[in-house]
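Undergrad: I need the structure of the sequence given here:
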Amino acid sequence: MEELLAAIDNNPFCKECVAPFTKDRVMVSKDCLWGSPILRVNPSRLITAWIMSTDPLMTVAGEGYRNSEVRDKTFELQAEAQLIRGNRKLTKAKVSDALGTLKPTEDQTKIIAHILFVLKRVQTVCFNTETKSFWTVPEDFRAWSNLPTIWIDAPCENVLEVNPCLSKWISDRDEDGWTIDWPLAEGSYEDLKAKIASVPTLQIREKLKKEDCARLVGKRESITHLLELN
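TA: Reported below is the predicted structural model:
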């Protein structure tokens, strides 16, 4: 009971009243990105985008309805997150801070993405077209599966209505010079060099350090895994 009361106190919406339902048609944008229509996210939070993926009213309802849903779902996540155990990324303090703020930082948004993955089995791709970078949850592409996925921009202001093919999207971003945090493959230095030598397309003339070999093999393992999900 004490944990429940603490979660209520930490809820930033706990003192708000439910507003009447009104329609708002500005949530649907005419813009497209990577072949997908863009939907506006308001309030600008990852939780809002998650609710939008399950509640069609979020794209047509007014501000009162959206704020009410975000408030209620945030409270529910706070209560459910109290049951998470043994996850160093989701300590009670981090979860409380991330869900208890109206304007989450990037690190707090990552915490929320991990919460959604653990509790709701939802994956996240958060991209920044200005810095040509992105992060994902799960972070390791080799751990991805065909679960529902949220594609959202870094400010959490826009979400893609149609999910791109992740393997092709990452390949295209790689060619465009985006920063990609490829996972490191496990194994000894000799094992990693042997794996590289066994693949003609990975033949490298210069001598590589072990970390470079691990990242190169990790990149190939990631692409292979993502292609298998198509």
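Undergrad: how about the strands in this protein?
TA: Counting by DSSP state E, the chain has strands at residues 28-33, 36-40, 123-128, 133-137, 149-153, 158-160.
Undergrad: what about this protein, any weak spots by pLDDT?
TA: Across the chain, the ranges flagged by pLDDT under 70 are 1-30, 203, 205.
Undergrad: Show me how far stretch 117-124 is from its chain's centre.
TA: Stretch 117-124 sits 9 Å away from the centroid of its parent chain (C-alpha atoms, centre = their mean, to the nearest Å).
Undergrad: Can you check the distance spanned by it, start to finish?
TA: 8 Å (C-alpha to C-alpha, to the nearest Å).
Undergrad: swap in stretch 33-48?
TA: 20 Å.
Undergrad: Let me have the strands of the chain in TSV, extended by mean neighbour count and distance to K103.
TA: Where C-beta positions appear, they are placed from N, C-alpha and C, glycine not excepted. Output for these, formatted as TSV (neighbours: other C-beta atoms under 10 Å; distance: least, C-beta to C-beta, whole Å):
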stretch	mean neighbour count	distance to K103
strand 28-33	12	22
strand 36-40	17	17
strand 123-128	20	16
strand 133-137	20	18
strand 149-153	23	15
strand 158-160	21	16
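Undergrad: okay if I get the ones you listed as CSV plus distance to A61?
TA: Converted to CSV, the strands of the chain look like this (distance: least, C-beta to C-beta, whole Å):
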stretch, distance to A61
strand 28-33, 12
strand 36-40, 12
strand 123-128, 23
strand 133-137, 27
strand 149-153, 19
strand 158-160, 16
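Undergrad: The ones you listed: which one's closest to T179?
TA: Each of the strands of the chain has some distance to T179 by C-beta to C-beta; the shortest is strand 133-137, at 4.3 Å.
Undergrad: now the angle from that closest one to strand 123-128?
TA: For strand 133-137 against strand 123-128, the angle by axes from the mean of the first three to the mean of the last three C-alpha atoms, to 10 degrees is 170 degrees.
Undergrad: Quick one: closest of the strands of the chain to F117.
TA: Closest among the strands of the chain, using C-beta to C-beta: strand 133-137, at 5.1 Å.
Undergrad: Okay then, goodbye and thanks.
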